[in-house]
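K.L.:
Sharing a model prediction with you, sequence too.
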Amino acid sequence: MIEVEVKGYADDDVFERVRESFDFLRREYHEDTYYSHPCRDFSRTDEALRIRVRRFDGHFEAFLTYKGPKLDKVSKTREEIEVLIEDPEAHARILEALGFREVLTVEKVRERYYVEKGVTITLDEVNGLGKFVEAEAMTEDESNVQELVEFLMGILRELGVRRFERRSYLELILEKGV
């Protein structure tokens, strides 16, 4: 599956416009722990491997996620392979036994909103970075990517986003030295 994602810097006004314009789904707390590969540099190959622990409404979910290189020059669109896991600590121990090393854990509070079938918006408050808004859609057909990117960017522009960001939260935090 291809995750088509556009992210922009946000402020209180953008957050308020989203809250007024779209249907609230839920508030989540994320802990995303990223790992480095023992034989290749993910920062050079533009890949990512993480364990995400997500908490919401008294529930707990965890996922092991691989993200491939970005597919275009504007968005964060990439192949995403994600599996539900029951024991994130045991999966972390397996990765470390295989030579993967923990790089950093990114913590954020996320609000999810429904836009239309297959399209969501999230409001993120990322520890050490601030506020962001993301518009996301999934597709199996790579030929749809450009059209979806333009559609998602249009939504964010209408919400008042003026500055877009292609780098991941991990990249931003590492660059900032937080």
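P.N.:
Noted; the coordinates are in hand. Numbers count the residues shown, from 1 in each chain.
K.L.:
residue with max distance from the center of the chain?
P.N.:
Relative to the C-alpha centroid of the chain, counting by C-alpha atoms, centre = their mean, residue 97 is the outermost residue, at 26.3 Å.
K.L.:
need the contact list for it.
P.N.:
Not one residue lies near residue 97 by C-beta atoms under 8 Å, 6 or more residues apart in numbering. From N, CA and C alone the C-beta is placed, and that goes for glycine too.
K.L.:
Do me a favour and get the backbone dihedrals for it.
P.N.:
phi -70, psi -30 (degrees, to the nearest 10).
K.L.:
Next one, pLDDT for it please.
P.N.:
Predicted confidence (pLDDT) for residue 97: 98.
K.L.:
ditto for residue 176
P.N.:
Confidence at residue 176, expressed as pLDDT, is 88.
K.L.:
give the contact list for it.
P.N.:
Neighbours of residue 176 in contact, by C-beta under 8 Å, 6+ apart: 128, 129.
K.L.:
Likewise for residue 106?
P.N.:
Taking C-beta under 8 Å, 6+ apart, one finds 30, 31, 32, 34, 126, 127, 169, 170, 173 in contact with residue 106.
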